[in-house]
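Enquirer: what follows is a predicted structure for the sequence shown.
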Amino acid sequence: MTKRITRGLVVLLALAGLALPAAARAQDMKDPAKESKEFYKTARLIMTSQEGKIWKHLPDEASRQEFIRDFWAKRDPDPDTEENEFKAEFEGRIDYANKHFREGGLGMNTDRGRIYIFMGPPDKFEEFYTHEDTSIRGPILWWIYYADRLGIEFVDEKGYGTYKIRQYDGDFFGAMQDMVKLGQWVGPDSVFRKRIVDFDLDYDANAKAIDLSIPAKNLLLKENDEGAFQVDLDFIFYIYGDEGRTKDTVRESRTFVATVREVDELKTVPFRFDVPLKRGTNFVDVIIKGKTRNGGKVRRIFEIKVKS
């Protein structure tokens, strides 16, 4: 069933924001702060909500540069090759959109440009210069993506060469996620089954302790010499108060061990840390890393309000 454009789609397409130079130009910049700004203008299109929150709370340029490296590394479909294919494809689409969909502004800010960035070139392109809709003065375009069973209609309402999405046929939002989703490849030494793990955090104000809970299904527990199963992890907590950008840092290493029977029944892997938080709003940025060479890394940020 063909569907008219919705408010949710308008919000999604508005995410691109301000104009930026070509991706290749950003790579040549020697000013890290400028490079970080240019990175965010495009990368925010494919950031998860958690990554967006983390980026906004990073206190200095060193933290932002580390984030950028991790951001692209976790999206690299084949880390054994020198090129990051995902990054190259994304930047290539940004560059193409900026060159080919200029409608009074930068191409990545147009409807066609944003669809191209998320979906790539259509499998079939149809253009109708004559049509029955007398309210449309310019051509009507249809982009068709067979693998996603999606068709998108662009209309040039005034005849000035400015195309807007009017309707679509298929699962638009599901197809958009194909570009945003991360691959499931993990390194051979990784302790995580996925690159994005939605672990949970609670704060016990009475005990002044942080409780972390990691879904057992997302961890690779390996058999040790005693026949039990274990995982070795490094934890880093960056804690930001609501009064400024300064941060406190807590680092701890933990080992979790379980018997074969316990592993079969395990739902979550719990950890407790003695980390007192200050009164008011705290943002707790949590990084969990495997202790092997390519052990993997997952990260989330949590807002914790402490009353007393």
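Expert: Cool, got the structure. Residues are numbered from 1 along each chain as shown.
Enquirer: quick check: residue 148 vs residue 169, distance?
Expert: According to C-beta to C-beta, to the nearest Å, residue 148 and residue 169 sit 11 Å apart. All C-beta spots, glycine's among them, are computed from the backbone N, C-alpha and C.
Enquirer: same deal with residue 70?
Expert: 38 Å.
Enquirer: what do you get for residue 293?
Expert: Distance from residue 293 to residue 169, by C-beta to C-beta: 48 Å.
Enquirer: compare these two and say which is more crowded by neighbours.
Expert: residue 169 (15 against 9; other C-beta atoms under 10 Å).
Enquirer: correct me if wrong: the more buried one contacts residue 143.
Expert: No - contact criterion C-beta atoms under 8 Å: residue 169 and residue 143 do not qualify, at 10.8 Å.
Enquirer: name the residues contacting each of these two.
Expert: Shared contacts of residue 169 and residue 143, defined by C-beta atoms under 8 Å, 6 or more residues apart in numbering, are found at 151, 152.
Enquirer: for residue 28, give me the pLDDT.
Expert: On pLDDT, residue 28 comes in at 46.
Enquirer: quick one, what contacts the nearest residue to residue 259 once chain neighbours are set aside?
Expert: Nearest residue to residue 259 in three dimensions, chain neighbours excluded: residue 228, at 5.6 Å (C-beta to C-beta, 6 or more residues apart in numbering). Under the criterion of C-beta under 8 Å, 6+ apart, the contact list for residue 228 reads 257, 258, 259, 260.
Enquirer: what's the answer for residue 231, then?
Expert: So residue 231 contacts 191, 219, 220, 221, 222, 255, 256, 269, 290 (C-beta under 8 Å, 6+ apart).
Enquirer: quick one: buried residues of the helix or strand where it lies?
Expert: Using DSSP states H and E, residue 231 sits within strand 229-241. Burial within strand 229-241, assessed by neighbour count using 16 or more other C-beta atoms under 10 Å, is assigned to 229, 231, 232, 233, 235, 237, 238, 239, 240, 241.
Enquirer: now do the helix ranked longest in the chain: which elements does it pack against?
Expert: If you go by DSSP state H, the chain has its longest helix at helix 85-100. Under the contact definition 3 or more C-beta pairs under 8 Å, 6 or more residues apart in numbering; DSSP states H and E, helix 85-100 sits against helix 23-27, helix 32-43, helix 111-119.
Enquirer: let's see which of the contacts of residue 231 end up in strands.
Expert: Among the contacts of residue 231, the members found in strands (DSSP state E) are 222, 255, 256, 269, 290.
Enquirer: ok, of these, which one's closest to residue 211?
Expert: Closest approach to residue 211 among these (C-beta to C-beta): residue 269, at 11.7 Å.
Enquirer: for beta bridges, what are the partners of that closest one?
Expert: residue 214 (DSSP bridges).
Enquirer: from here on, call the first residue 149.
Expert: Will do, 149 is the new start, and the previous item becomes residue 417.
Enquirer: so what's it up against?
Expert: 361, 362, 363, 364, 367, 379, 404 are the contacts of residue 417 under C-beta under 8 Å, 6+ apart.
Enquirer: nearest to residue 312 among the residues you listed?
Expert: Using C-beta to C-beta, those come closest to residue 312 at residue 363, 41.9 Å.
Enquirer: what's the mean pLDDT across the strand holding residue 379?
Expert: pLDDT averaged over strand 377-389 gives 93.
Enquirer: who does it pair with, and is each partner parallel or antiparallel?
Expert: When DSSP bridges is applied, strand 377-389 pairs with strand 370-371 (antiparallel), strand 395-406 (antiparallel), strand 428-438 (antiparallel).
Enquirer: and of those, who's closest to residue 199?
Expert: Closest of the strands paired with strand 377-389 to residue 199 is strand 428-438, at 11.2 Å (criterion: C-beta to C-beta).
Enquirer: and the closest one, how far out from the chain's middle?
Expert: 17 Å (C-alpha atoms, centre = their mean, to the nearest Å).
Enquirer: got it, and stretch 185-204?
Expert: Distance, centroid of stretch 185-204 to centroid of chain: 7 Å (C-alpha atoms, centre = their mean).
Enquirer: and what of stretch 388-408?
Expert: 22 Å.
Enquirer: what do you get for stretch 283-298?
Expert: Centroid separation for stretch 283-298 versus its chain: 28 Å, with C-alpha atoms, centre = their mean.
Enquirer: may I have that stretch exported as PDB, CA atoms only?
Expert: Output of stretch 283-298 as PDB, limited to C-alpha atoms (Å, rounded to 0.1, in the frame of the first residue of the first chain):
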ATOM      1  CA  SER A 283      -1.100  20.300  -8.900                       C
ATOM      2  CA  ILE A 284       2.500  19.300  -9.700                       C
ATOM      3  CA  ARG A 285       4.200  21.500 -12.300                       C
ATOM      4  CA  GLY A 286       7.500  19.600 -12.500                       C
ATOM      5  CA  PRO A 287       8.400  15.900 -13.100                       C
ATOM      6  CA  ILE A 288       7.500  13.000 -10.800                       C
ATOM      7  CA  LEU A 289      10.300  10.600  -9.900                       C
ATOM      8  CA  TRP A 290      10.100   7.000  -8.500                       C
ATOM      9  CA  TRP A 291      13.200   5.400  -6.900                       C
ATOM     10  CA  ILE A 292      12.700   1.600  -6.500                       C
ATOM     11  CA  TYR A 293      14.700  -0.700  -4.300                       C
ATOM     12  CA  TYR A 294      13.900  -4.300  -5.100                       C
ATOM     13  CA  ALA A 295      15.700  -6.000  -2.200                       C
ATOM     14  CA  ASP A 296      13.900  -3.800   0.300                       C
ATOM     15  CA  ARG A 297      10.600  -3.900  -1.600                       C
ATOM     16  CA  LEU A 298      10.400  -0.200  -1.400                       C
END
